[in-house]
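Trainee: fold the stuff below for me.
(one chain, ligands or ions: 2)
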Amino acid sequence: MTSISVIGAGYVGLVTGLGLADLGHRVTCVDMDPVRLDAIDSGRVPFHEPGLDELLARNLGTTFSVTDDLDLAVRESSVTFLAVGTPSDENGIDLTFVEAACADLGRVIADKPDQHVVVVKSTVVPGTTDGPVTAALERASGKAAGDEFSVAANPEFLTEGRAVVDFFEPDRIVIGVDDPHAEAVLREVYRSFADTPLVVTNARTAEMIKYASNALLATMISFTNELANLGAAVGGIDTTEVMTGVHLSRYLTSYTDEGPVRAEISSFLEAGCGFGGSCLPKDVAALSAHAASVGSGHVVLDAVLDTNRNQPGELVGLVEQELGTLESKAVVVLGLAFKPDTSDIRESPAIPVIERLLAGGATVKVHDPVVRLEDLPDAISSAVTQVTDLHEAVESGEALVLVTRWDQYQELPALLDALSQPPLLVDGRRVIDPRSVARYAGIGHS
Ligand code: UDX
Ligand code: UDX
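Mentor: Ligands and ions are numbered 1, 2, ... in the order given. All right, here's what the predicted structure looks like:
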């Protein structure tokens with residue numbers, strides 16, 4: 001059992017903290033947001049994530065607690081995970097929160113007798129843990145990294161909507177350490193995962209593994225979307241069929257005695273209105289900016305982002321093409337979350353889709369099983385109306401624009417079939433069979 005403090009009870013910090021507590025470690029999550037702390041302390045998870053409520057109920061008050069007292073939490077632990085947010089824009093990653101947390105941490109480490117281990121869980125560009133993080137900790141503590149305290153990078157690979165499963169059944173654990181004490185402590189923290197591949201490397205390589213993993217997924221999505229647009233421009237090509245053919249390659253499908261087994265990575269080769277979320281767009285942008293700052297090439301990364309920025313416009317273009325104009329047309333956007341099974345709208349393609357529809361003069365209604373109108377940016381929530389019932393939603397517009405792959409949208413063909421004058425369905429995720437609805441348009445379908 002290790003005593004652990006986690007700074008940042010956000011998405012990553014809370015899943016990691018509760019997961020480690022459930023494995024028997026003693027975990028305290030520190031956060032500066034009193035509303036968030038109150039919610040967690042009274043047993044409520046402040047965001048939608050399957051299985052996390054149960055984990056909180058099981059561990060709160062026994063192996064898990066929350067506090068705003070960083071000093072005490074760090075003093076009573078031997079390891080601190082840093083899980084504060086790392087926003088980024090085209091200029092690169094913003095380390096304000098990480099550096100502020102390091103300054104606070106360093107002041108506690110200054111008179112802590114043991115060799116405290118600081119583990120960077122937040123996604124940071126290669127060279128951050130052994131660079132600015134170490135410098136900030138050394139400055140604030142007056143101690144030397146490696147001798148008097150340790151630093152490590154330990155990126156997370158949690159997928160929203162299945163983060164709890166990802167925590168307990170990881171495909172890999174990556175530990176970036178530059179001293180043996182940090183390695184020994186992290187091996188102990190992850191002792192329960194004896195069967196999971198463990199990559200022990202230096203801190204900057206560990207940081208790069210995280211970016212390389214996300215950049216690969218983003219590249220595959222933009223690759224498919226560029227092909228989808230190309231197929232539509234040529235005409236008479238259905239990208240879904242193209243990709244079915246591609247997926248059957250033995251590189252993507254294993255042919256076993258039980259039959260063909262499609263590789264999981266194939267799920268990133270589906271055409272659509274683009275990737276969103278808190279990781280892929282931000283991480284590719286941060287890696288590209290980092291490449292520029294060290295004088296290295298980044299044309300592929302930039303092209304991945306360009307294609308992705310273009311996709312919401314492709315989708316709205318289809319609506320305009322089919323309706324003739326957007327002016328005064330009633331359009332229903334189906335799905336606000338950046339992907340199903342989450343309430344997260346960060347970087348969701350739904351936002352630029354709605355903005356473009358509004359700019360074109362359309363009257364926009366929105367439907368999402370989880371996201372509420374007040375979660376949207378003010379400029380949008382004040383300009384659209386929400387329809388909570390899917391039956392009502394399909395009757396509310398001349399066009400339905402499917403943006404998120406929610407399971408319940410599989411009912412659309414049946415719902416549309418029941419209408420005497422079904423609206424146009426514009427499929428931004430290619431999840432509906434074009435032959436199953438009367439009026440269909442979709443990304444990569446012509
Ligand atoms: C995480 C990772 O940290 C990020 O690097 C990764 O790329 C995506 O996921 P996330 O957990 O989603 O970020 O961030 P967020 O939900 O914003 O949570 C951060 C939490 O830290 C918030 O609750 C915030 O109140 C808290 N915080 C932030 C502090 O307690 N102290 C600070 O100084 C800054
Ligand atoms: C991702 C990675 O999957 C995870 O391993 C990493 O740790 C964090 O980033 P997440 O952002 O939660 O996880 O969601 P993911 O399921 O990867 O979807 C990302 C985005 O890509 C979504 O907006 C999704 O709609 C989109 N997507 C996915 C596509 O546009 N096309 C596809 O073929 C697949």
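Trainee: check which helix or strand covers the closest residue in space to Val108 that isn't next to it in sequence.
Mentor: Excluding its sequence neighbours, the residue lying closest to Val108 (CB to CB, 6 or more residues apart in numbering) is Val74, at 4.4 Å. C-beta here means a position set from N, CA and C on the backbone, and glycine is covered the same way. Assignment of secondary structure by DSSP states H and E places Val74 within helix 70-75.
Trainee: ditto for Leu400
Mentor: Take DSSP H and E as the rule and Leu400 turns out to sit in strand 399-402.
Trainee: Ile175 too?
Mentor: strand 173-177.
Trainee: so where do the strands sit in the stretch 51-200 of the chain?
Mentor: All strands of the stretch 51-200 of the chain, identified by DSSP state E, counting those that start in this stretch, fall at 64-67, 79-82, 88-89, 92-93, 117-120, 150-153, 173-177, 198-201.
Trainee: and the fifth one, what other elements does it pack with?
Mentor: Just to be clear, that refers to strand 117-120. strand 79-82, helix 96-109, strand 150-153, helix 180-189 (3 or more CB pairs under 8 Å, 6 or more residues apart in numbering; DSSP states H and E).
Trainee: what about stretch 269-288, near ligand 2?
Mentor: Yes - using CB under 6 Å from any ligand atom, stretch 269-288 reaches ligand 2 at Leu269, Glu270, Gly272, Gly274, Phe275, Gly276, Gly277, Cys279, Leu280.
Trainee: and the spatially closest residue to the first one that is not a sequence neighbour, backbone torsions?
Mentor: Going back to what we said before, that points to Leu269. Of all residues not flanking Leu269 in the chain, Thr224 sits nearest, at 5.0 Å (CB to CB, 6+ apart). According to degrees, to the nearest 10, the main-chain angles of Thr224 amount to phi -60, psi -40.
Trainee: contacting residues for Thr224?
Mentor: Shown in contact with Thr224 (CB atoms under 8 Å, 6 or more residues apart in numbering): Thr239, Met243, Phe268, Leu269, Glu270, Ala271.
Trainee: partner strands of the helix or strand of the chain with the lowest mean pLDDT and their direction?
Mentor: The helix or strand of the chain with the poorest confidence is strand 88-89; it has a mean of 74 (mean pLDDT, DSSP states H and E). Applying DSSP bridges, strand 88-89 is found paired with strand 92-93 (antiparallel).
Trainee: which sections of this structure are below the confidence cut-off?
Mentor: For the chain, the stretches flagged by pLDDT under 70 are 90.
Trainee: residue of it with the smallest distance to ligand 1?
Mentor: Distances between the chain and ligand 1 by CB to the nearest ligand atom are smallest at Gly10, namely 1.7 Å.
Trainee: from ligand 2, how far off is that residue?
Mentor: 14 Å (CB to the nearest ligand atom, to the nearest Å).
Trainee: if I look at that residue, how far off is Val84?
Mentor: Distance from Gly10 to Val84, counting by CB to CB, to the nearest Å: 7 Å.
Trainee: Lys282 too?
Mentor: Distance from Lys282 to Val84, counting by CB to CB: 14 Å.
Trainee: between those two, tell me which one has more neighbours.
Mentor: Neighbours around Lys282 and Val84, counted as other CB atoms under 10 Å, are more numerous at Val84. The numbers are 25 against 20.
Trainee: burial of Thr244, as a residue count?
Mentor: When neighbours are defined as other CB under 10 Å, Thr244 has 10 of them.
Trainee: so which helix or strand takes in it?
Mentor: Assigning secondary structure by DSSP H and E places Thr244 in helix 239-247.
Trainee: off-centre distance for that helix?
Mentor: Its chain's C-alpha centre and that of helix 239-247 lie 26 Å apart, by CA atoms, centre = their mean, to the nearest Å.
Trainee: run through who's touching the helix or strand following that helix.
Mentor: Using DSSP H and E, the helix or strand that follows helix 239-247 in sequence is strand 253-256. Outside of strand 253-256, the residues within contact range by CB under 8 Å, 6+ apart are His247, Pro260, Val261, Arg262, Ala263, Ser266.
Trainee: cool, stretch 288-300 as well?
Mentor: For stretch 288-300, contacts defined as CB under 8 Å, 6+ apart pick out Ser88, Glu90, Asn91, Gly92, Ile93, Val125, Pro126, Thr219, Leu287, Leu301, Asp302, Leu305.
Trainee: so which of those is the closest to Val316?
Mentor: Nearest to Val316 among the contacts of stretch 288-300: Leu305, at 18.8 Å, using CB to CB.
Trainee: so who does the residue nearest to Arg439 when sequence neighbours are not counted touch?
Mentor: Nearest non-adjacent residue to Arg439, counting by CB to CB, 6+ apart: Leu424, 4.4 Å away. Going by CB under 8 Å, 6+ apart, Leu424 touches Val319, Glu322, Leu323, Glu398, Ala399, Leu400, Arg439, Tyr440, Ala441.
Trainee: which of these count as buried?
Mentor: Buried members of the contacts of Leu424, scored by 16 or more other CB atoms under 10 Å, are Val319, Leu323, Glu398, Ala399, Leu400, Tyr440, Ala441.
Trainee: any idea which element the first one lies in?
Mentor: Counting by DSSP H and E, the element that carries Val319 is helix 299-323.
Trainee: got the buried residues for that helix?
Mentor: Residues of helix 299-323 classed as buried: 301-302, 304-305, 307-308, 310-312, 314-320, 323 (neighbour count, 16+ other CB under 10 Å).
Trainee: next, count neighbours for the closest residue to Asp427 other than its chain neighbours.
Mentor: Excluding the flanking residues, the one nearest Asp427 by CB to CB, 6+ apart is Gly442, at 3.6 Å. Using other CB under 10 Å, Gly442 has 25 neighbouring residues.
Trainee: do Val125 as well
Mentor: For Val125, the neighbour count with other CB under 10 Å is 26.
Trainee: ok, it touching Ala285?
Mentor: No - using CB atoms under 8 Å as the test, Val125 is too far from Ala285 to be in contact (10.8 Å).
Trainee: wait, the residue of the chain closest to ligand 1 sits on Ala83?
Mentor: Yes - the pair Gly10 / Ala83 is scored as a contact, 6.5 Å apart, by CB under 8 Å.
Trainee: just want to know which of those two has more residues nearby.
Mentor: Using other CB under 10 Å, the more surrounded residue of Gly10 and Ala83 is Ala83, with 29 against 19.
Trainee: for that one, what are its contacts?
Mentor: When contacts are counted by CB under 8 Å, 6+ apart, Ala83 touches Val6, Ile7, Gly8, Ala9, Gly10, Val12, Gly13, Thr16, Gly17, Lys121, Ser122.
Trainee: quick one: the closest residue to it other than its chain neighbours from Glu49, how far?
Mentor: Once flanking residues are discounted, Ala83 sits nearest to Gly13: 3.3 Å by CB to CB, 6+ apart. Look at Gly13 and Glu49: by CB to CB, they are 12 Å apart.
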